[in-house]
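**Student:** Coordinates for the following, if possible.
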Amino acid sequence: MTPAQFEKHIEPRWKKLEKLLTDAEKSVQSHEMDELPSTFRQVCHDLSVAQHRMSPQSLTQQLNSLAIRGYRMLERRSAGGWESFMRLFFVEFPQAVRADWKLFWWCTALFYLPAVLLAAITPAYPEWSMAMLGTNGMAQIESMYGEASKPSDYVRESFGSGFAAFCFYIMNNVSIDFRTFAGGIMGGVGALFVLMYNSLHLGAVFGYVHYSGNPLTLYSWVIAHGAPELTGCVISAMAGMRVGWSVLRPGRLERRAALVLAGRKAMPLLIGAAVLTSLAAVLEGFWSPMDYPLPIKFGVGTLCWIAVAAFLMFSGRRQKDAA
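**Tutor:** Numbers count the residues shown, from 1 in each chain. Got it, this is the predicted structure:
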């Protein structure tokens with residue numbers, strides 16, 4: 001085999017590796033990405049053969065460069081621990097949200113619009129929120145947000161410490177995210193149900209506080225931790241809807257294969273949503289009960305909303321967003 005024939009013979013392999021590495025470096029998700037390790041091994045073998053046959057230097061240099069890129073990429077992809085987690089949260093998660101920006105705003109509308117509507121009509125028709133909350137819910141709200149009540153007193157009486165409150169909130173918040181995601185397997189109906197239920201419950205709380213409590217106390221309590229918590233709830237619904245869509249419209253793939261692929265693509269969304277709601281639990285357990293003046297509470301809360309929005313909009317943009 002002449003050098004020209006050899007180069008022509010191996011060209012499809014190193015072209016394929018070059019494309020796979022380019023997609024991986026840009027965080028482009030593809031079903032061909034599973035072929036990266038085997039293609040890398042083939043090109044390494046071709047490099048060894050090319051060096052043994054003393055092929056032209058331009059060919060060996062190109063193959064050697066691809067081999068180095070492939071090794072670095074595989075090492076990065078196989079890296080575990082904090083490095084892998086940090087990349088997932090700070091790069092893959094916001095990229096996945098931006099890639100599905102239409103679904104994000106659709107889920108956002110489904111979450112906030114019913115809540116705002118129910119909160120707006122409650123002062124005129126309080127029975128709607130009362131039915132949603134029940135007697136225990138109304139008593140809890142009055143003990144936290146009544147005219148002479150402080151949420152911090154309720155937290156101390158109910159949990160004893162900020163750490164105990166944090167433990168409760170993190171279990172409650174993250175479990176909601178996972179229930180929302182798991183509901184997506186039923187064609188997305190379950191995810192929509194959990195999302196809508198939480199929306200109506202939120203609207204009932206706000207509406208009832210406006211009807212019989214102190215709204216300023218409520219807003220100063222929720223404004224900081226509400227940013228990551230509510231955003232995480234919306235994004236977990238996105239993950240569930242992705243899975244649900246694969247069940248309804250598997251395309252050319254078998255339904256099982258489409259479900260597995262959608263689950264992999266939705267995993268950064270779910271993990272990112274869980275991290276956001278965990279951060280919300282930290283704020284709700286330790287910051288929200290603090291009795292700071294209202295300007296400070298509202299100022300910090302506003303910064304939290306700006307930080308979450310900026311994170312989703314700009315984090316991970318050094319690498320091209322996934323298509």
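**Student:** Point out where the chain drops to low pLDDT.
**Tutor:** Scanning the chain for pLDDT under 70 picks out 1, 27-34, 75-81, 148, 319-323.
**Student:** other SSEs contacting the longest helix belonging to the chain?
**Tutor:** Ranked by residue count, the top helix of the chain under DSSP state H comes out as helix 215-248. Using 3 or more CB pairs under 8 Å, 6 or more residues apart in numbering; DSSP states H and E as the contact test, the elements touching helix 215-248 are helix 101-121, helix 126-145, helix 162-182, helix 189-212, helix 255-282, helix 294-314. Glycine gets a C-beta too; all of them are placed from N, C-alpha and C.
**Student:** Which strands or helices does the last one pack on?
**Tutor:** It stands for helix 294-314. The elements that helix 294-314 packs onto, with contact taken as 3+ CB pairs under 8 Å, 6+ apart, are helix 93-99, helix 215-248.
**Student:** Turn those helices into a markdown table, columns for mean neighbour count and distance to Gly263.
**Tutor:** As requested, the helices and strands packed on helix 294-314 are exported to a markdown table (neighbours: other CB atoms under 10 Å; distance: least, CB to CB, whole Å):
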| stretch | mean neighbour count | distance to Gly263 |
| --- | --- | --- |
| helix 93-99 | 22 | 13 |
| helix 215-248 | 23 | 6 |
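**Student:** Save those helices as CSV, and put in distance to Pro289 too.
**Tutor:** Listed next are those as CSV, based on distance: least, CB to CB, whole Å:
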stretch, distance to Pro289
helix 93-99, 29
helix 215-248, 8
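**Student:** Nearest to Arg72, out of the ones you listed?
**Tutor:** Closest approach to Arg72 among the helices and strands packed on helix 294-314 is made by helix 93-99 (20.2 Å; CB to CB).
**Student:** now the closest one, how far from the centre of its chain.
**Tutor:** Its chain's average C-alpha position is 8 Å from that of helix 93-99, according to CA atoms, centre = their mean, to the nearest Å.
**Student:** ditto for stretch 52-70
**Tutor:** Distance of stretch 52-70 from its chain centroid, counting by CA atoms, centre = their mean, is 40 Å.
**Student:** Number of residues surrounding the residue nearest to Met196 when sequence neighbours are not counted?
**Tutor:** Once flanking residues are discounted, Met196 sits nearest to Pro114: 6.3 Å by CB to CB, 6 or more residues apart in numbering. Residues contacting Pro114 under the criterion other CB atoms under 10 Å number 18.
**Student:** wait, Pro114 sits on Gly203?
**Tutor:** Yes - judged on CB atoms under 8 Å, Pro114 makes contact with Gly203 at a distance of 6.2 Å.
**Student:** Where do the domain boundaries of this structure fall?
**Tutor:** With automatic domain parsing serving as the domain definition, the record reports that the chain contains domains spanning 3-78, 85-314.
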